[in-house]
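Student: here are the coordinates; sequence isn't available:
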């Protein structure tokens, strides 16, 4: 088996393992060329807009390539020794003026609609989470009466066993963290971002969220995850020597699981995380017994 085939097989094996685990998760995959599957309405809109723009980009690229080839062949010096001295052609000038205007309008309208939606939630957020970028980890604070806050750092290999995160398919190296952000499914979450030192950027591809974290300033975004699972992102603003080791992990759970986790986390975060992981594994086992996987 060639090296390429081995990598492709490893990628397919990883996908199958994740699927078999019964939990939806979004993370970068080996040899991935497309975007991650969308878990929010915003990301679904971004994926649709990408496909929509291809219906313009591909024909335009083919047309321009064909015109260039035709001009090179038809009007080369040997085939056209006496060039035309025509300086104006009204029809052509109208076409190459109105054509791009129409195309830009067809792209601009859905683009502006999507951009507006990215900053305008469909409903009042039920939960607010503040993310503060630090060198080189994230601090999170739940903005409610619980006063729950914690740091989220890259999970070190030697800490995997103690954290119960030895499964590399579910907790990939350089993306897994010690403490994930936990949010309930189908809930609009307001995300506030800032930084304590230099500029960072909170990016979660599956949510369609990428917002800068700037010292002394608070930026706002939102997301509404529609699928339970574990989602990964990274800081996307060059922030220093350990920029590549500043992952983001968000775990989306049921409302009941979230309420139980949040109440327990206010007392002991580590115990709350272990209880949540156990509840999720138990739910997976019940689904398998019921034949739902």
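Tutor: In hand now; what should we look at? Please read all numbers here as calculations on a predicted model, not as lab measurements.
Student: chain center to stretch 157-176, what's the gap?
Tutor: Centroid separation between stretch 157-176 and its chain, computed with CA atoms, centre = their mean, to the nearest Å, is 21 Å.
Student: stretch 274-282 too?
Tutor: Offset of stretch 274-282 from its chain centre (CA atoms, centre = their mean): 25 Å.
Student: can you tell me what sits against it?
Tutor: Residues outside stretch 274-282 that contact it (CB atoms under 8 Å, 6 or more residues apart in numbering): 23, 164, 182, 251, 253, 257, 260, 261, 264. The C-beta positions use only the backbone N, C-alpha and C, and glycine is treated the same way.
Student: now do stretch 126-145
Tutor: 148-154, 179, 181, 183-184, 187-202, 213, 218, 235, 239-240, 242-243, 245-246, 248, 262.
Student: give me the buried entries from these.
Tutor: Among the contacts of stretch 126-145, the ones that count as buried by 16 or more other CB atoms under 10 Å are 148, 150, 152-154, 179, 181, 183-184, 187-195, 198, 200-202, 213, 235, 239, 243, 246, 248, 262.
Student: spit out the contact partners of the closest residue to residue 110 other than its chain neighbours.
Tutor: Spatial nearest neighbour of residue 110, chain neighbours left out: residue 49 (6.1 Å); criterion: CB to CB, 6 or more residues apart in numbering. Listed by CB under 8 Å, 6+ apart, the contact set of residue 49 reads 110, 111, 114.
Student: is it true that the first one touches residue 52?
Tutor: Yes: contact status for residue 110 versus residue 52: in contact at 6.6 Å, counting by CB atoms under 8 Å.
Student: before we move on, back to that, so which of the contacts of residue 49 sit within helices?
Tutor: 110, 111, 114 (DSSP state H).
Student: JSON lines for the residues you listed, including pLDDT and neighbour count?
Tutor: Formatted as JSON lines, these follow (pLDDT from 0 to 100; neighbours: other CB atoms under 10 Å):
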{"residue": "110", "pLDDT": "95", "neighbour count": "14"}
{"residue": "111", "pLDDT": "95", "neighbour count": "14"}
{"residue": "114", "pLDDT": "95", "neighbour count": "15"}
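Student: confidence score at residue 14?
Tutor: Note for residue 14: predicted pLDDT of 38.
Student: what distance do you get for residue 161 to residue 173?
Tutor: 14 Å (CB to CB, to the nearest Å).
Student: hmm, back to that, what two of the contacts of stretch 274-282 are the furthest from one another?
Tutor: Greatest spatial distance in those: 23 and 264, 20.6 Å, computed using CB to CB.
Student: quick one: the strands in the stretch 51-200 of the chain?
Tutor: With DSSP state E, counting those that start in this stretch as the criterion, the stretch 51-200 of the chain has strands at 127-134, 137-142, 149-152, 181-184, 189-195, 200-204.
Student: nearest to residue 80 among those would be which one?
Tutor: strand 200-204 (52.9 Å).
Student: report the angle between the axes of the helix or strand following that closest one and strand 189-195?
Tutor: For strand 200-204, the following helix or strand on the C-terminal side (DSSP states H and E) is strand 209-213. Relative orientation of strand 209-213 and strand 189-195, computed by axes from the mean of the first three to the mean of the last three CA atoms, to 10 degrees: 30 degrees.
Student: so which residues make contact with strand 209-213?
Tutor: 40, 42, 131-133, 191, 193-195, 199-204, 219-221, 223, 233, 236-237.
Student: list the buried residues in stretch 154-165.
Tutor: Quick answer for stretch 154-165 (16+ other CB under 10 Å): 154, 155, 160, 163, 165.
Student: low pLDDT regions in the stretch 151-293 of the chain?
Tutor: Where the stretch 151-293 of the chain drops to pLDDT under 70, the residues are 284-293.
Student: tell me where it has helices.
Tutor: Per DSSP state H, counting those that start in this stretch, the stretch 151-293 of the chain carries helices over the ranges 160-163, 255-265, 269-289.
Student: out of those helices, deepest packed?
Tutor: helix 255-265 (a mean of 16; mean count of other CB atoms under 10 Å).
Student: the inter-axis angle of it versus helix 269-289?
Tutor: Using the same axes, to 10 degrees: helix 255-265 against helix 269-289 is 160 degrees.
Student: which elements pack onto helix 255-265?
Tutor: Packing partners of helix 255-265 (3 or more CB pairs under 8 Å, 6 or more residues apart in numbering; DSSP states H and E): strand 181-184, helix 269-289.
Student: beta partners of the residue nearest to residue 148 when sequence neighbours are not counted?
Tutor: Using CB to CB, 6+ apart and skipping the chain neighbours, the partner closest in space to residue 148 is residue 142 (4.3 Å). Here residue 142 shows beta-bridge partners residue 129, assigned using DSSP bridges.
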